[in-house]
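Enquirer: Got a predicted structure here, sequence first:
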Amino acid sequence: MVYEYVLAGVLVSLLSSVFFLIINTTYSEKKKEDVANVSETGVFSATEIEKNTDVVIVGDGVAGAALAYTLGKEGRRVHVIERDLNEPDRIVGELLQPGGYLKLIDLGLEDCANESIDAQKVFGYALYKNGNDTKLSYPLETYSSDIAGRSFHNGRFIQRMRERAATLSNVKMEQGTVITLIEESGTIRGVMYKNKAGEEMRTYAPLTIVCDGCFSNLRRSISTPNIENPSCFVGLILENCELPHANHGHVILGDPSPILFYPISSTEVRCLVDVPGTKVPSVANGEMAQYLKIVVAPQVPHQLLKAFLAAVDKGIIRTMQNKSMPAAPQPTPGAILLGDAFNMRHPLTGGGMTVALSDIVLLRDLLRPLSDFNDAPALCDYLESFYTLRKPVSSTINTLAGALYKVFCASPDLARQEMREACFDYLSLGGICSNGPISLLSGLNPRPISLFLHFFAVAVYGVSRLMIPFPTPKRMWLGARLIVSASGIIFPIIKAEGVRQMFFPATMPAYYRAPPVHRRIETRTKLKC
C-alpha cells in the first residue's frame, strides 16, 4: 500500500512538472511574439503597457517642473523626460507677474522665487516716452505684503522647482531626448526617447503631457498651430546700476519698438531690446553693437546709459526670436499640451509664466477627482473643458500682450501714432485709467470684457483729444482712422483666441463636463431609477 502512495506521488510530481513546463513555454513564446511586434510596429499591446507610471511629462522647464511637482504631490506617479537637466540660460521667462506668483503659492512653490535665488520683488512699471515718464503700480492694497511680482534668473528658478519635484519619491526625472509620441489606434500610449547614454527607450502611461517649450517638435502631433514671429529680443545684462524707479520694470516706447529694463538679481538688470521682424544685425561682425550704440543708446534713460554702453562693450549679447501662437487644441486621447508648446504670446508683458501656472492649477483641479487615467477616450472628452475654462486668464493676457506690442511700436501711420500717444497719456491719468489696465497685465484681474473696454477707452480718449479745442475735417478723419486702426489691432487677436470661448465660455458645452467617474455613477443611478 505504501508503494502505491509513493508511486502516485511521483506521478503527480511528473504531471505537475510537465504542466508548468507547457505553461512556461507558452508564456515565453507569447512574450517573444510581443517583443517581435514591438520591433515591427514600435508599440506594445495594451496588456504590456507599464503599470508603474500615471503621467509622462515631456519637458522640464517652468511648466514641466511645476507640473511634475504638482501632480507628484497629488500622489500621481510621474516620469519626466528633459533634454538637458543642467541649469538653463535664457533671456526671457525672468519676470513673474503678481497673478502668476499667486498661482505659485497655490501650487506650494513660492519658495522657489525667493531670496535663495536672489529674486527681486517687482511692484509695477515705469513707462517712458519722449523724455517723459509715468509710474504704474500694481493694485496690491488688498493683498499681504509678500504679494508682488518677482524677477530672477530663469535658470535658477527652474532648477529650484526641479529640486522640489525631485524630493518626491513618486517623481522620476530623466535626461533624454523624446523622438516621437507612441500612438496606438488613435490613442497616445507614451513616448519613444533616447536616454543620456544614447539608447532608444520607450515609456508608457495613460496620460502624456507635452510641455517641451516654444521650439516643441511634438506639438503638431496633437494641435494645429499657427506660429507668428513678430520680432526678436536682444538681451544684455547691466551690472551694478540702479533703476530710476526701484523694484519696477521699465518700458521705453522707443523707435522702432519697445526697450525693457528690469532687475534679475540684487546687482544685475536685464535689458531687452525689441527688434521687429525675424532678422537682427549680426552680433559676430559687430553690426549689433553698432546698432545698439547708434539707434538704441540715445533712447535709454540717462541713469542707465553708462551701464548700457558698458554692457554693449563687454560683448555678451544674446538674441532670441519672439513667437506668438494662439492655442489650437486638437483633443487627442492620452495626450495634452501645456506651456509654450501649447500657447505663446509676445513676451513684452511678461505674462507667459502666469498663463502656464494658471493652466497647471486648473489641470490639477480637473484631474483631482479621478482615481486613474486609463479610460483615455473618456478622459479626453472630459479634459475638453480645460480648453474652455482656461480662456478668461489666457485670452486676457494673450490679447493684451499682442495689442500692447502693436500699440507701443513706432509707426509712420498718423492714426497709429495718435493711438500710441493716447495710450501713454491715458495710463498717465491714474485712477481707474491706470489701475484697470495694470491689473489686467499683472494677472490679478484677468477679465476679457474689462480688457476690451479699456482698449477702446484709449481709442475714444485719443479721438476726444483730436476734437479739442475744436474739430476740423482733418482731425475728424484722423479720429475715424484711429478707431479703425484700433479695431484692426484687437479684433484679429480676439478672433484667433475665439470670441465665444473668450467672452461667453459658459455657453460652451465642454464648460459643464463632469469627471468620467461621476458621469458613470450618474448613469448607473438613472438606470436603477
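Expert: Noted; the coordinates are in hand. Numbering: from 1, shown residues only.
Enquirer: I'd guess Ala310 is in a helix, am I close?
Expert: Yes. Ala310: assigned to a helix according to DSSP: H, G, I helix; E, B strand; the rest coil.
Enquirer: Hmm, Ile237 and it touching each other?
Expert: No. Contact criterion Cβ atoms under 8 Å: Ala310 and Ile237 do not qualify, at 10.4 Å. Any C-beta I mention is one placed from the backbone N, CA and C, and that applies to glycine too.
Enquirer: So, low pLDDT: which residues of the stretch 351-500 of the chain?
Expert: The stretch 351-500 of the chain contains no residues with pLDDT under 70.
Enquirer: residue boundaries of the helices in it?
Expert: When assigned using DSSP state H, counting those that start in this stretch, the helices of the stretch 351-500 of the chain occupy the ranges 352-367, 376-389, 391-408, 414-428, 432-441, 448-466, 473-497, 499-503.
Enquirer: so who does Asp381 touch?
Expert: Residues in contact with Asp381, defined by Cβ atoms under 8 Å, 6 or more residues apart in numbering, are Pro331, Arg513, Pro516.
Enquirer: what's the last one in contact with, if anything?
Expert: In other words, Pro516. By Cβ under 8 Å, 6+ apart, the residues touching Pro516 are Leu370, Asp375, Ala378, Leu379, Asp381, Tyr382.
Enquirer: how about the helices of the stretch 351-500 of the chain in a markdown table, adding distance to Lys279?
Expert: Formatted as a markdown table, the helices of the stretch 351-500 of the chain follow (distance: least, Cβ to Cβ, whole Å):
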| stretch | distance to Lys279 |
| --- | --- |
| helix 352-367 | 23 |
| helix 376-389 | 34 |
| helix 391-408 | 18 |
| helix 414-428 | 22 |
| helix 432-441 | 29 |
| helix 448-466 | 30 |
| helix 473-497 | 24 |
| helix 499-503 | 33 |
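Enquirer: Surely Cys433 and Asp425 touch.
Expert: No. Shown here, Cys433 and Asp425 do not form a contact pair, counting by Cβ under 8 Å, at 9.2 Å.
Enquirer: returning to that earlier point: compare Ala310 and Ile237 (neighbour count), which wins?
Expert: The residue with more neighbours, out of Ala310 and Ile237, is Ile237; 19 against 14, by other Cβ atoms under 10 Å.
Enquirer: Before we go further, the more buried one is sitting in a helix, right?
Expert: No. Ile237: not assigned to a helix; according to three-state DSSP it is strand.
Enquirer: Which parts of this protein belong to which domain?
Expert: 2-41, 55-113+153-226+325-391, 228-324, 411-497 (automatic domain parsing).
Enquirer: can you list these in JSON lines and add distance to Leu127?
Expert: Shown next, in JSON lines, are the domains of the chain (distance: least, Cβ to Cβ, whole Å):
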{"stretch": "domain 2-41", "distance to Leu127": "58"}
{"stretch": "domain 55-113+153-226+325-391", "distance to Leu127": "12"}
{"stretch": "domain 228-324", "distance to Leu127": "5"}
{"stretch": "domain 411-497", "distance to Leu127": "6"}
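Enquirer: hang on, the earlier thing: which ones among the contacts of Asp381 lie within helices?
Expert: Of these, the ones assigned to helices by DSSP state H are Pro516.
Enquirer: residues near Arg457, how many?
Expert: Not quite, residue 457 is Ala, not Arg. Using other Cβ under 10 Å, Ala457 has 16 neighbouring residues.
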